[in-house]
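Student: Need coordinates for the following:
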Amino acid sequence: MKPEEMTKIRIVTPKSLGNAVISALYNLSTLHVKQHQAEHNLQNGSPLPASEELSKTWLKVRTLKNELNIQNPAKNVISTKQIHKVTEQLYNDIQQMKTKEQTCTTQLNTTTQSHEIASALDSMKVDSSLIPKLRHVSCFLGFVRDSAQLHGKLAKIPHELKQKAIDQQTLIVLFVRKQDELHTQAALHELGWSPLGTIPQDASVLKKQLDILKKELNDLKSRHEKTKRDNAQFIADAEAVLEAEIKKAELPLQFATTAQSFIATGFVPKKSMPELKSALERATKKSIFIEELHMHHDEKVPVKLANNKKVKNFEVLTRLYELPSYFEVDPTSLLFITFPIFYGIMLGDVVYGLILFFLFMFLKRKLPDAKAWFNVLMYAALMSIVFGAVFGEYLGFEHVSAETGQSLCQNIGLCLHKEIVTSHGESHIVYSFPHLMNRAHDTVEILGTGMLTVLVLSVIVGAIHLNFGLLLGFLNVYHAHGLKMAILEKASWFIMELGIVLIILSKMNAIVIPWLVGLVIFLISIVMVYLGEGAKGIVEIPSLFSNMLSYMRLGALGLASVVLAVVVNDGLALPLMEKGGLFIPLAIVIMICGHTINIALGVIGPFLHSIRLHYVEFYSKFFSGGGTEYMPFGKKAQMEGE
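Tutor: Numbers count the residues shown, from 1 in each chain. Predicted coordinates for the structure are as follows:
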């Protein structure tokens, strides 16, 4: 399926009608605007006159949103005139409130520190008001870092010392004789002396100041919260409106312009063209010219993937790699079919599939943002259940013992197929679950060699998948460059495969055509590949066959899962269960742990290898990528992006 069909258009309108056209385009949300590159004496347009004022107001609104920590979604549309007026007043109020709050907080911190010091002086019974009146005694009031050595440093100086710990520092009040002042100052300096700048006021006075400052700060915080409650919705609405208006005002930057007109170029979904023409003609009273332009194959046409609801989930896999170009097939619908099938082949266990399906369903509800990913994995889990039934595997079990089989048949009427299996040289009667193929044991003989059927089928699936990719590549090249290049670039690979098949069948005496005919066809195909893709194509010839063999991982990864399950069941758990007693709980724990690990590997391995088979092997046959996302200018596009 190709991306939605686009139409390239050019819109020419008088500058006087620029606002009307831009508003109409915004409401339509269908035009993907192409940035004008200054040429042909046509320069890029300038923003509309309101752009600067809108931007300034938007910055203030964003500041208010951050200051008030507003998370409300936009709900209402309000006029820009009201937004400018209210925002200016609200911004000034908030800034004044913020300045007051900062000043109040600073004063509160300073006063709190002074109150702590004053309280400490009171507890040491020191009247700070008498200190300035001392005449024959010097007083040292301040902090020291190292109080432990204080007495040692002052041992030879007559003194009176009082001290108290405050915030990991030691406040000291030290009285010495006037003649010992210099010696005392030198001793204190060695201990990290930091004198108080001013003597604090009385503690009771400071306590009243603290109460006043705390009340003022609480009032400011209450005003802050009230402002947030009263204006939260306005700010959210204003931000959305301003962002829309700024986009409108700056849209002419992407236009070409003349002295009297705007010229806009862009892409519109073809089905939306009638609506767009009608809306623009109404907005301008038909004073507008709309021209449909030709699109070149090397042009960057925006891509809008057009998939139904179920297939749309798989767009996450397409985007994980790259968007297709506009002129090639969208691989999403192919991923919808083949990705779950490959995943199911590799995991292929009914119980594993059921566990994963309900696990992904649970996670989808818990993580709604990853809904598409879990939907993809739920489809994959369903295919694991289907292929688990095909392989007859249930939690790694392919059969049950004779006793269990007989009991199931007699008690509940579930009669399984009776078989004889050989293990370690001994034959046992077992009852096997219904299956179309036993991937661990069924073989097919090729050239006298027995090969596991699941590996042979994997290569066949790979050959079909790759050739379908070549067919898609043929169609892409045909639409882009014509039939001749499509034959040389892509059909040549079909011819090469035909030559190889004829050589092999002739050598096996399966056909009467001489093998030289196949060789000639093979050589012709090499020449065609060279003419179509050059030396690069010749180098890639071996990769065609290595890519097919790469699909053997479909069977090989499944076999690894089977082996691990068998080891857990038959090698570890069942032998312990046969011993009975306390070994039964141990066996159950081993089964839970072992199968949990196997399921975890079953999520990661099949996912990664299935993705690899698509991105590396399959996509290389037809997919170029490099598509540009369709991003229309307008209201709906903005709402979807939020």
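Student: does residue 263 count as helix, strand or coil?
Tutor: strand (DSSP: H, G, I helix; E, B strand; the rest coil).
Student: So it versus residue 11, what's the distance?
Tutor: With distances taken as Cβ to Cβ, to the nearest Å, residue 263 is found 7 Å from residue 11. For the C-beta atoms, the positions are set from N, CA and C on the backbone; glycine is no exception.
Student: between those two, who's got more neighbours?
Tutor: Between residue 263 and residue 11, residue 11 has the larger neighbour count (other Cβ atoms under 10 Å), namely 22 against 16.
Student: who's in contact with the more buried one?
Tutor: For residue 11, the contacting residues are 21, 262-266, 280, 288-290, by Cβ atoms under 8 Å, 6 or more residues apart in numbering.
Student: Narrow the residues you listed to those that are buried.
Tutor: Among the contacts of residue 11, those scoring as buried are 21, 262-266, 280, 288, 290 (criterion: 16 or more other Cβ atoms under 10 Å).
Student: Break down the stretch 51-200 of the chain into its strands, ranges please.
Tutor: With DSSP state E, counting those that start in this stretch, the ranges of strands along the stretch 51-200 of the chain come out as 137-144, 159-166, 169-177, 194-195.
Student: Dump the ones you listed to a markdown table, plus distance to residue 128.
Tutor: Formatted as a markdown table, the strands of the stretch 51-200 of the chain follow (distance: least, Cβ to Cβ, whole Å):
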| stretch | distance to residue 128 |
| --- | --- |
| strand 137-144 | 8 |
| strand 159-166 | 12 |
| strand 169-177 | 9 |
| strand 194-195 | 14 |
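Student: Which of the contacts of residue 11 sits closest to residue 497?
Tutor: residue 266 (43.9 Å; Cβ to Cβ).
Student: Cross-check the contact I'm expecting between the closest one and residue 28.
Tutor: No - counting by Cβ atoms under 8 Å, no contact exists between residue 266 and residue 28, whose distance comes to 11.5 Å.
Student: about what we covered before: among the buried ones among the contacts of residue 11, which one lies nearest to residue 242?
Tutor: In terms of Cβ to Cβ, no member of the buried ones among the contacts of residue 11 lies closer to residue 242 than residue 21, at 20.5 Å.
Student: Surely that closest one and residue 287 touch.
Tutor: No - look at residue 21 against residue 287 with Cβ under 8 Å: they stay out of range, at 9.7 Å.
Student: which neighbours do these two share?
Tutor: In contact with both residue 21 and residue 287: residue 13, using Cβ under 8 Å, 6+ apart.
Student: For the protein, give me the ranges with low pLDDT.
Tutor: Counting by pLDDT under 70, the ranges of the chain that qualify are 38-40, 399-408, 410, 413-414, 416-417, 420-428, 430, 447-448, 636-642.
Student: Residue 183: neighbour count?
Tutor: For residue 183, the tally of surrounding residues (other Cβ under 10 Å) stands at 15.
Student: Please report how far it lies from residue 157.
Tutor: 6 Å.
Student: With residue 555 instead?
Tutor: Between residue 555 and residue 157 the distance is 95 Å, computed by Cβ to Cβ.
Student: Then residue 131?
Tutor: Going from residue 131 to residue 157 by Cβ to Cβ gives 19 Å.
Student: out of residue 555 and residue 157, which sits in the more crowded spot?
Tutor: residue 555 (23 against 14).
Student: give the contact list for that one.
Tutor: 345, 439, 452, 454-455, 457-458.
Student: ditto for residue 485
Tutor: 477-478, 532.
Student: Walk me through the domains of this protein.
Tutor: Following automatic domain parsing, one gets these domains for the chain: 108-209, 309-392+552-626, 454-550.
Student: Could you say which one of those domains comes nearest to residue 78?
Tutor: Among the domains of the chain, the nearest to residue 78 by Cβ to Cβ is domain 309-392+552-626 (30.0 Å).
Student: what's the span of that closest one from first residue to last?
Tutor: With Cα to Cα, to the nearest Å as the measure, domain 309-392+552-626 spans 24 Å from end to end.
Student: can you pull out the strands in the stretch 251-400 of the chain?
Tutor: 256-257, 261-269, 289-293, 302-303, 399-401.
Student: mind listing what residue 549 touches?
Tutor: 459, 462.
Student: quick one: it from residue 468, how far?
Tutor: Residue 549 sits 17 Å away from residue 468, going by Cβ to Cβ.
Student: Could you do residue 299 as well?
Tutor: Counting by Cβ to Cβ, the gap from residue 299 to residue 468 is 28 Å.
Student: For residue 283, grab the count of nearby residues.
Tutor: By the measure other Cβ under 10 Å, the count of residues near residue 283 is 21.
Student: One more: residue 625?
Tutor: 13.
Student: What residues does the closest residue to it other than its chain neighbours make contact with?
Tutor: Take residue 625 and drop its neighbours on the chain: the residue closest to it by Cβ to Cβ, 6 or more residues apart in numbering is residue 322, 3.6 Å away. Going by Cβ under 8 Å, 6+ apart, residue 322 touches 625-627.
Student: Distance check, residue 322 against residue 627.
Tutor: 7 Å.
Student: what residue is smack in the middle of this protein?
Tutor: In the chain, the C-alpha nearest the mean C-alpha coordinate belongs to residue 370, at 8.6 Å (Cα atoms, centre = their mean).
Student: My read is that that one contacts residue 360, right?
Tutor: No - Residue 370 is beyond contact range of residue 360, at 10.0 Å (criterion: Cβ under 8 Å).
Student: Out of the strands of the stretch 51-200 of the chain, flag the one nearest residue 573.
Tutor: Checking those against residue 573 by Cβ to Cβ gives strand 159-166 as the closest, at 65.9 Å.
Student: Output the contacting helices and strands for that closest one.
Tutor: Counting by 3 or more Cβ pairs under 8 Å, 6 or more residues apart in numbering; DSSP states H and E, the packing neighbours recorded for strand 159-166 are helix 80-123, helix 150-153, strand 169-177.
Student: Can I get those in TSV including distance to residue 306 and mean neighbour count?
Tutor: Output for the helices and strands packed on strand 159-166, formatted as TSV (distance: least, Cβ to Cβ, whole Å; neighbours: other Cβ atoms under 10 Å):
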stretch	distance to residue 306	mean neighbour count
helix 80-123	36	16
helix 150-153	84	14
strand 169-177	73	19
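Student: Let's have these in a markdown table, adding distance to residue 197.
Tutor: Shown next, in a markdown table, are those (distance: least, Cβ to Cβ, whole Å):
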| stretch | distance to residue 197 |
| --- | --- |
| helix 80-123 | 10 |
| helix 150-153 | 21 |
| strand 169-177 | 14 |
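Student: how about the ones you listed, which one is nearest residue 392?
Tutor: For residue 392, the closest of those is helix 80-123, at 68.5 Å, according to Cβ to Cβ.
Student: chain center to the closest one, what's the gap?
Tutor: Per Cα atoms, centre = their mean, to the nearest Å, the displacement of helix 80-123 from the mean C-alpha position of its chain is 41 Å.
Student: Just want the angle from it to strand 169-177.
Tutor: 50 degrees (axes from the mean of the first three to the mean of the last three Cα atoms, to 10 degrees).
Student: What is helix 80-123 packed up against?
Tutor: helix 51-68, strand 159-166, strand 169-177, helix 203-250.
Student: Could you export those as TSV, including distance to residue 385?
Tutor: TSV is the format used below for the helices and strands packed on helix 80-123 (distance: least, Cβ to Cβ, whole Å):
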stretch	distance to residue 385
helix 51-68	49
strand 159-166	72
strand 169-177	72
helix 203-250	46
